[in-house]
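Enquirer: Structure of the sequence below:
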Amino acid sequence: MAAQLNELLDDARHPLSAAERRALEAVLARETGGIRNINEVEHEHLTVGQRAADLVARDMGSWRFILLQAGLLLVWLLLNTLAWLQAWDPYPFILLNLVLSFQAAFAAPVIMMSQNRQAGRDRLHAEQDYAVNRRAELEGVAIHARLDELAGRQWEALVALQREQGELLRRLEERTGEIHRATVRP
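Expert: Next comes the predicted model:
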């Protein structure tokens, strides 16, 4: 977009008024300004622990993880149920219960860390959206004010043109009357 705006600024075929030039330059300054994607900025500042928390939370919330865990549980149950003599965790599967409790005990805080960071990101996005919407609103108000100003100038120009046309019509009627009087003599 910046290239197109620069072309418009430099296009000699369509000269811009000073106000149009200032407006385009302001848009260009904003376009090339320091606006960055919040996700990229935040990703650059993540610690190893935060990256790990996001990875664990993302993987634990997937169908792949659920199916893998269900498969491991099924294998555990089958091996311990069918292996009567060598069952390392016989029914009621207390060791399995302990393993799953450890998994839940470690997974819950990791997922909460990731969710807290996501909530912080959501707040940043909301603040950025508000700032962008506010800027857009102010620009919209400025554009409307400028359009009203231009419409007022056009209205004044139309009124002046109408007066001039009225004056020309009056003079034309006078001349027509003079010509009519001069050609039609009693």
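
Enquirer: Which parts of this protein are helices?
Expert: Secondary structure of the chain by DSSP state H: the helices cover 2-10, 18-31, 38-44, 48-60, 63-82, 94-183.

Enquirer: want to try CSV for those, with mean pLDDT and distance to Trp88 as columns?
Expert: C-betas here are computed from N, CA, C, even on glycine. Below are those laid out as CSV (pLDDT from 0 to 100; distance: least, C-beta to C-beta, whole Å):
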stretch, mean pLDDT, distance to Trp88
helix 2-10, 63, 67
helix 18-31, 67, 65
helix 38-44, 77, 43
helix 48-60, 87, 26
helix 63-82, 91, 7
helix 94-183, 89, 7
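
Enquirer: Could you give the number of residues near Ala53?
Expert: 21 (other C-beta atoms under 10 Å).

Enquirer: same question but for Pro109, I mixed them up
Expert: Using other C-beta under 10 Å, Pro109 has 10 neighbouring residues.

Enquirer: Which residue ranges make up the domains of this protein?
Expert: Per the record, the chain has its domains at 1-35, 36-183, by automatic domain parsing.

Enquirer: if I pick Glu178, what's in contact with it?
Expert: Glu178 makes no contacts at all, as judged by C-beta atoms under 8 Å, 6 or more residues apart in numbering.

Enquirer: heads up, I number from 3, so please use that
Expert: Right, with 3 as the first residue, what we last looked at is Glu180.

Enquirer: For the residue nearest to the spatial centre of the chain, list the residues it contacts.
Expert: When C-alpha atoms, centre = their mean is applied to the chain, the residue found nearest the centroid is Asp131 (6.8 Å). By C-beta under 8 Å, 6+ apart, no residues touch Asp131.

Enquirer: how close does it get to Leu140?
Expert: Distance, Asp131 to Leu140, by C-beta to C-beta, to the nearest Å: 15 Å.

Enquirer: Also Leu74?
Expert: Distance from Leu74 to Leu140, by C-beta to C-beta: 57 Å.

Enquirer: How about Gln156?
Expert: On the measure of C-beta to C-beta, Gln156 and Leu140 end up 25 Å apart.
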